[in-house]
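> pasting the structure only:
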């Protein structure tokens, strides 16, 4: 009997039990795919942007409490699922995906639970949905307008838009009652953006543009009915909704919103700013640390600017040099908008011989340069729009050209490298084309994406650019802008600086007009922490490159390094550092 028991025990331990490392693996790809689909169902515009078209007729009220609770519930369910995954059984790529999704879900839940941004859903910056929806409606973005179904899908979205506006007004009304609002100076720019969307004749309306490009093979009877239904939606849904929002802002919100600039006078403003710093930089860093780093970077870059001033033979101090760059006619050579755009377009061919020396990975997606639409110029900056996954819409670099006669050329090369090649276009398009789970293909983190684009500017000399000292001065101006942001962002939201103090600091340290300085500061006032992310990401990528050079010596290859940064797509800075450390270790073997 004892022998039988012993045999049974041996069989049990030898065959019936498995160590954790021998457990069957969960269907991780299935988990990722299911999350992506459920997430798209809650975020139909994100789905459309990523070439998932089954939700193209939907526009949820994603700023409402019900929707936010659904997102939190979804995130919690997948956080619980991820806790059951045995990380020891995963490949490095799978483990990275688990870490990324866990980070994404936790940081989003923290934002929603604390209602950060809930009471301020509308502002003057390009992220603001009323302006962004108009860009999508124009056909310039990710919304497809290829056949009758596409047009009717968008009619459904237009019919849902007033519900979003009603919720935005409700949120802002609550914000007024709680004294939790955006700054008045920034919000005063919004009516100029909304008025054309509320008042323009339907045939000239930005939402009407897709009707000017109807498919030629559409049945004539169907075309007539579609035009009637579409224009009716513009007249009865879109224009009244924008008018309602605009009147609320002018009559109720703006007169009663706050005159201060930063978060400190809002309830829990200090805690909120700490969150936004973590959200955008993906690292733990205090307002004081950001401020002090900014002062050091500004001082360093000013010293380099001074050396460029001397090299050009300019007589005078740096302030006089700034004034010269801002005003001398030689920096304003353009007569037409197309001349500005063609200058940008010429840069890719100039860089082409050097791109292959710096990059193995290059995107397949095509690319274009366009002027920002006039209706959204008031609060717009230079911007990159990702290409469609199906290859039918290129990546687009939009630049604001209010008046070509007053367009200053001195920083054009650095701007193009940042927004286009090898900046945002390389990073975003390579991520979309990568063999990674669906939820990662459209994921964007500011510290990574903007950090890469700013780092790309530092490659300009290696790319054969910046041969004109004024263009290099433009590159330094771009860099000091991001360093100045560290100072003014923390100054406004952590140290209590006024709008005027922040504007003065910009003008003291950058060759920009007062109008540009005002626009930038008012952007930072409504997007706390976001502008800080650029410099934080750039500095980390530069530090990782220097670390790799020091540790690998002759084994270091700049193309391999760039591959490692770009191949896995956007990720928190702490995960990027871990990935580069693993790569360095593997190269040493």
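Yep, that arrived. Everything quoted here is computed from the prediction, not taken from an experiment.
> What ranges in this structure fall below the confidence cut-off?
1-25, 375-376, 378-380 (pLDDT under 70).
> how does it look with 80?
Applying pLDDT under 80 to the chain flags the ranges 1-26, 140-141, 373-381.
> Just give me the longest helix of it.
In the chain, with assignment by DSSP state H, the single longest helix is helix 148-177.
> Following the chain past it, name the next helix or strand.
Next along the chain after helix 148-177, taking DSSP states H and E as the criterion, comes helix 184-187.
> Centre of the chain to that next one, how far?
Distance of helix 184-187 from the chain centroid (CA atoms, centre = their mean, to the nearest Å) equals 22 Å.
> quick check: domain ranges of the chain?
Domain segmentation of the chain under automatic domain parsing yields 64-113, 129-259, 272-536.
> Could you look over these and pick the most buried one?
domain 272-536 (a mean of 19; mean count of other CB atoms under 10 Å). All C-beta atoms are positioned from the backbone trio N, CA, C, and that covers glycine.
> For the chain, just list every one of the strands.
367-371, 383-385, 395-399 (DSSP state E).
> Who does the second one pair with, and is each partner parallel or antiparallel?
Just to be clear, that refers to strand 383-385. strand 395-399 (antiparallel) (DSSP bridges).
> for stretch 102-118, the distance to its chain's centre please.
Stretch 102-118 sits 17 Å away from the centroid of its parent chain (CA atoms, centre = their mean).
> Helices of the stretch 251-400 of the chain, start to end?
Taking DSSP state H, counting those that start in this stretch, the helices of the stretch 251-400 of the chain run over residues 254-256, 269-281, 287-311, 318-327, 337-345, 347-358.
> closest to residue 151 out of those?
helix 337-345 (29.2 Å; CB to CB).
> How about residues contacting that closest one?
333-334, 369-371, 397, 399, 401, 404, 407, 409, 412, 416, 420 (CB atoms under 8 Å, 6 or more residues apart in numbering).
> go on, stretch 425-433?
Counting by CB under 8 Å, 6+ apart, residues outside stretch 425-433 touching it are 359, 361-365, 367, 384, 386-387, 389, 395, 397, 419, 440-444, 448-449, 452-453, 456, 566-567, 569-570.
> residues in contact with the residue nearest to residue 351 when sequence neighbours are not counted?
The shortest distance from residue 351 to any non-neighbouring residue, by CB to CB, 6 or more residues apart in numbering, is to residue 463 (4.5 Å). Contacts for residue 463 (CB under 8 Å, 6+ apart) come out as 351, 354, 355, 358, 417, 422.
> And the last one, how far from residue 535?
Shown here: residue 422 relative to residue 535, a distance of 19 Å by CB to CB, to the nearest Å.
> for residue 236, same thing?
Taken as CB to CB, the span from residue 236 to residue 535 is 47 Å.
> repeat for residue 76
Taken as CB to CB, the span from residue 76 to residue 535 is 34 Å.
> And for residue 389?
Separation of residue 389 from residue 535 (CB to CB): 31 Å.
> Also residue 198?
Residue 198 is 38 Å from residue 535, by CB to CB.
> The stretch 451-589 of the chain: helices as residue ranges?
Under DSSP H, counting those that start in this stretch, the stretch 451-589 of the chain gives helices at 469-493, 499-509, 514-526, 533-552, 558-566, 573-588.
> Same question for the last one: list its buried residues.
This means helix 573-588. If you call a residue buried by 16 or more other CB atoms under 10 Å, then helix 573-588 has these buried ones: 573, 575, 576, 577, 579, 580, 583, 584, 587.
> which other residues reach that helix?
92, 96, 99-100, 103, 281-283, 447-448, 451, 536-537, 540-541, 544, 547-548, 551-552, 555-556, 560-561, 564-565, 568, 571.
> How far off centre is stretch 298-317?
On CA atoms, centre = their mean, the centre of stretch 298-317 falls 32 Å from that of its chain.
> Please apply the same query to stretch 302-320.
Per CA atoms, centre = their mean, the centroid offset for stretch 302-320 relative to its chain is 33 Å.
> Also stretch 269-278?
Its chain's C-alpha centre and that of stretch 269-278 lie 19 Å apart, by CA atoms, centre = their mean.
> and if you look at stretch 250-267?
For stretch 250-267, the distance to the chain centre is 25 Å (CA atoms, centre = their mean).
> Likewise for stretch 462-472?
So, by CA atoms, centre = their mean, the centroid of stretch 462-472 is 26 Å from its chain's centroid.
> just stretch 63-79 next, same as before
Relative to the chain's own centre, stretch 63-79 is displaced by 22 Å; criterion: CA atoms, centre = their mean.
> List the neighbours of that stretch that are in contact with it.
Here stretch 63-79 makes contact (CB under 8 Å, 6+ apart) with 31, 35, 38-39, 42, 60-62, 101-102, 105-106, 108-109, 112-113, 115, 118, 121, 164, 167-168, 171.
> next one: stretch 280-296
By CB under 8 Å, 6+ apart, stretch 280-296 touches 103, 273-274, 277-278, 445-448, 483-487, 489-491, 493-495, 529-530, 532-533, 535-537, 572-574.
> OK, contacts around the closest residue to residue 164 other than its chain neighbours?
In space, and not counting its chain neighbours, residue 164 is closest to residue 61: 5.2 Å by CB to CB, 6+ apart. By CB under 8 Å, 6+ apart, the contact list for residue 61 reads 67, 160, 163, 164, 167.
> does residue 222 really touch residue 148, like I thought?
Yes. Counting by CB atoms under 8 Å, residue 148 is a contact partner of residue 222 at 6.0 Å.
> Could you export the helices of the stretch 451-589 of the chain to CSV, including columns for distance to residue 230?
Converted to CSV, these look like this (distance: least, CB to CB, whole Å):
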stretch, distance to residue 230
helix 469-493, 42
helix 499-509, 42
helix 514-526, 33
helix 533-552, 39
helix 558-566, 41
helix 573-588, 45
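> Relative to residue 141, which of those is closest?
helix 514-526 (20.5 Å).
> quick one: residue 333 from residue 435, how far?
Taking CB to CB, one finds residue 333 at 45 Å from residue 435.
> and if you look at residue 367?
22 Å.
> Could you do residue 580 as well?
Taking CB to CB, one finds residue 580 at 20 Å from residue 435.
> cool, residue 407 as well?
Where residue 435 is concerned, residue 407 sits at a distance of 41 Å (CB to CB).
> Of the domains of the chain, which is nearest residue 53?
Nearest of these (CB to CB): domain 129-259, 7.2 Å.
> residue nearest the centroid of the chain?
Residue closest to the average C-alpha location in the chain (CA atoms, centre = their mean): residue 446, at 5.7 Å.
> Spatially nearest residue to that one (excluding sequence neighbours)?
Nearest non-adjacent residue to residue 446 (CB to CB, 6+ apart): residue 533, at 3.8 Å.
> Let me see the contact set for the one you found.
280, 281, 446, 447, 450, 451.
> Report the contact partners of residue 215.
146, 147, 148 are the contacts of residue 215 under CB under 8 Å, 6+ apart.
> re the thing from before, any chance of the domains of the chain in JSON lines, with distance to residue 265 too?
Shown next, in JSON lines, are the domains of the chain (distance: least, CB to CB, whole Å):
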{"stretch": "domain 64-113", "distance to residue 265": "21"}
{"stretch": "domain 129-259", "distance to residue 265": "7"}
{"stretch": "domain 272-536", "distance to residue 265": "8"}
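> mind checking how far residue 402 is from residue 377?
Residue 402 is 6 Å from residue 377, by CB to CB.
> which outside residues touch stretch 246-264?
122, 169, 172-173, 176, 179, 181-185, 187-188, 190-191, 194-195, 198, 265, 269-270, 272-273, 492-494, 496-499, 502, 521, 525, 528.
> isn't residue 355 right up against residue 417?
No. Proximity of residue 355 to residue 417 does not meet the contact threshold set by CB under 8 Å, at 11.0 Å.
> residue contacts, the residue nearest to residue 484 when sequence neighbours are not counted?
Spatial nearest neighbour of residue 484, chain neighbours left out: residue 509 (5.4 Å); criterion: CB to CB, 6+ apart. When contacts are counted by CB under 8 Å, 6+ apart, residue 509 touches 298, 302, 480, 484.
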